[in-house]
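> fold the stuff below for me.
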Amino acid sequence: MTTTSPQGRTELLRPDRSPVRVLVVDDEAPLAELLSMALRYEGWEVHSAGDGAGAMRTARDFRPDAVILDVMLPDMDGLAVLGRLRRELSDVPVLFLTARDSVEDRIAGLTAGGDDYVTKPFSLEEVVARLRGLIRRSGTASVRSESTLVVGDLVLDEDSHEVHRGDDSIHLTATEFELLRFLMRNPRRVLSKAQILDRVWNYDFGGQANVVELYISYLRKKIDAGRTPMIHTRRGAGYLIKPGE
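Just a heads-up that it's a prediction; the model follows:
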């Protein structure tokens with residue numbers, strides 16, 4: 001899925017609108033940190049590892065959507081790491097980083113199952129651009145209208161004001177729609193009653209903050225009734241929406 005950030009960049013998101021996950025594997029710590037910073041600027045969630053064993057441990061826990069993999073690692077060859085990754089994450093796209101620039105090395109990396117190849121030194125812009133292309137082609141970030149919000153199987157179209165959960169169409173009042181839109185624009189984030197009042201009602205209800213509780217209950221009856229709950233209460237903190245588990 002794509003959306004546009006406040007800085008004007010087109011962001012890639014998972015279908016549930018959570019950040020794309022990228023694993024950076026390089027034993028040069030300053031380079032790994034530089035790459036991680038550039039990828040986080042894209043809005044992605046990034047973990048890193050400095051060797052092959054660490055890469056495999058992190059991949060099992062993190063389940064990345066894409067991997068940047070240095071060919072030369074201290075404990076094993078990057079091609080060996082790729083082989084192990086492919087056994088556990090068969091479809092994850094892998095971008096090789098290497099100081100080797102021979103045709104034979106490029107062919108070896110691509111033949112082993114790598115999806116692209118960048119030679120050191122490189123520009124961060126090139127790495128990000130190539131990785132974005134790999135993620136798009138892999139289908140991890142599905143392309144939808146920028147007016148569409150998606151959390152799990154819940155879909156809200158900001159232009160048509162249509163809402164669906166799975167195959168079911170859900171009718172909402174104007175206020176219910178605005179409340180749901182605010183929640184879906186901030187998936188997995190706890191929103192306080194004050195934040196919701198300010199955004200949905202545009203002014204402070206003072207002692208009538210229970211209007212938020214009332215409309216949350218309306219949404220739950222329409223969104224969650226008979227289904228795995230998506231709207232959750234964090235006592236003393238607020239409310240959040242996340243995919244049903």
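
> quick check: V92 vs L69, distance?
10 Å (CB to CB, to the nearest Å). The C-beta positions use only the backbone N, C-alpha and C, and glycine is treated the same way.

> list the buried residues in the helix or strand T58 falls within.
Per DSSP states H and E: T58 is located in helix 52-62. Neighbour counts over helix 52-62 (16 or more other CB atoms under 10 Å) mark G52, G54, A55, M56, T58, A59, F62 as buried.

> between the residues you listed, which is closest to F122?
Comparing the buried residues of helix 52-62 against F122 with CB to CB places A55 closest, at 19.6 Å.

> which ones are touching that closest one?
L23, V25, A49, V67, L69, L73, V81, L85 (CB atoms under 8 Å, 6 or more residues apart in numbering).

> how about a cut-off of 7 Å?
L23, V25, A49, V81 (CB atoms under 7 Å, 6 or more residues apart in numbering).

> again with H164
Contacts of H164 (CB under 7 Å, 6+ apart): V155, I170.

> please redo it, this time with the cut-off set to 8 Å
So H164 contacts L154, V155, I170 (CB under 8 Å, 6+ apart).

> same question for Q195.
Contacts of Q195 by CB under 8 Å, 6+ apart are G238.

> what do you get for L124?
L34, L35, A38.

> circling back to that earlier point, what's the following helix or strand after the helix holding T58?
strand 66-70.

> now do the strands in the chain.
2-4, 10-12, 21-25, 45-49, 66-70, 94-98, 116-119, 148-151, 154-157, 163-165, 168-170, 231-234, 238-241 (DSSP state E).

> give me the helices and strands touching the third one, please.
Using 3 or more CB pairs under 8 Å, 6 or more residues apart in numbering; DSSP states H and E as the contact criterion, the elements in contact with strand 21-25 are helix 29-41, strand 45-49, helix 52-62, strand 66-70.

> what residues sit buried inside the last one?
What it means is strand 66-70. Buried-residue list, strand 66-70, by 16+ other CB under 10 Å: A66, V67, I68, L69, D70.

> so where's this protein uncertain?
1-11, 16-17, 100-113, 140-146, 202-209, 245 (pLDDT under 70).

> go again with 50.
1-9, 143-145, 204-205, 207 (pLDDT under 50).

> which residues does the spatially most central residue of the chain bridge with?
For the chain, P19 is the residue whose C-alpha lies nearest the centre (CA atoms, centre = their mean; 1.8 Å). For P19, the beta-bridge partners are L13 (DSSP bridges).
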